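Q: I'd like to go over a predicted model; first the sequence, then the structure.
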Amino acid sequence: MQFDDVILGRRSIRGYKPDPVPRALIEEIIGLAMRAPSSMNTQPWNFYIISGEPLDRIRAGNTERNLAGVPHSREFRIGEAFTGQHRERQIGVAKQLFGAMGIARDDKEARQDWVLRGFRQFDAPVCIIVTYDRVLHGSDDAPFDCGAVATALVNAAWSRGLGAVINSQGIMQSPVVRECAGIAEDQVIMKSIALGWPDDSFPANAVVSERKSVAEATVFVGFDD
């Protein structure tokens, strides 16, 4: 693919085929992603790549704790609930997804199942947990750099025919993730990325989220008109 094809064509994939993803292909994608820039070349990121039985245990633990009402224990700060235009965009993409899936506003069971899909890593065959070195915790540079590598990773995956979605639901129950994936205590769990071969028959995979315009997002200073 050309670069523009990857950037413009990529979308978040929330439905996957059960087919395994070769380890060599994942290593290739990670290698490409790690060309992402980082503050003063610190490269704070690490990746725990999980599949098979350990991933099934994470799915089960996340789901059970969520249904039991165990409070979320995400290690990377959530912040305040979205308001204003940010909340509007959140609602907007939810409407797109629920519309594609035929989930009615008053269908509580279907809506809960949709939430649980996130806790199950969207039933993808692979989950990548992005962490950063705890010694850097408290600096905004480290999570910023991990955002860059996560973006590079999902784009690299798309260029190889794979789908991915960056999500937080998969790490809301961090003790489960840390135990089942054997994540070292010197790491802060930041994000999870579901990875696999897209299931083209899954309706939500056709959703392309709306983007605000360049004019809305930019302020040009010192340029001639």
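A: Nice, thanks for sending it over.
Q: got a pLDDT number for Glu53?
A: Predicted confidence (pLDDT) for Glu53: 97.
Q: contact partners of the helix or strand where it lies?
A: When elements are assigned from DSSP states H and E, Glu53 belongs to helix 52-67. Identification of contacts with helix 52-67 by CB atoms under 8 Å, 6 or more residues apart in numbering yields 50, 115-116, 119-121, 123, 125-127, 169-170, 172-173, 176-177, 180-181. Glycine gets a C-beta too; all of them are placed from N, C-alpha and C.
Q: make a ChimeraX selection of the buried ones in these.
A: The buried residues among those can be selected in ChimeraX (16 or more other CB atoms under 10 Å) with this line:
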select :50,119,120,121,123,125,126,127,169,170,172,173,176,177,180,181
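Q: which of the contacts of helix 52-67 fall in helices?
A: With DSSP state H as the criterion, helices contain Val115, Leu116, Phe119, Val176, Val177, Cys180, Ala181 from among those.
Q: just put the residues you listed in TSV and tack on pLDDT and distance to Arg134.
A: Compiled in TSV, the ones in helices among the contacts of helix 52-67 are given as follows (pLDDT from 0 to 100; distance: CB to CB, whole Å):
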residue	pLDDT	distance to Arg134
Val115	88	29
Leu116	91	30
Phe119	92	25
Val176	95	19
Val177	96	15
Cys180	96	19
Ala181	96	16
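Q: what is the nearest of those to Val214?
A: If you rank these by distance to Val214 using CB to CB, Val115 comes first, at 33.1 Å.
Q: tell me the spacing between the closest one and Leu67.
A: Counting by CB to CB, to the nearest Å, the gap between Val115 and Leu67 amounts to 10 Å.
Q: do the same with Pro37
A: 41 Å.
Q: likewise for Phe122?
A: Phe122 sits at a distance of 17 Å from Leu67 (criterion: CB to CB).
Q: what of Ile26?
A: Separation of Ile26 from Leu67 (CB to CB) stands at 31 Å.
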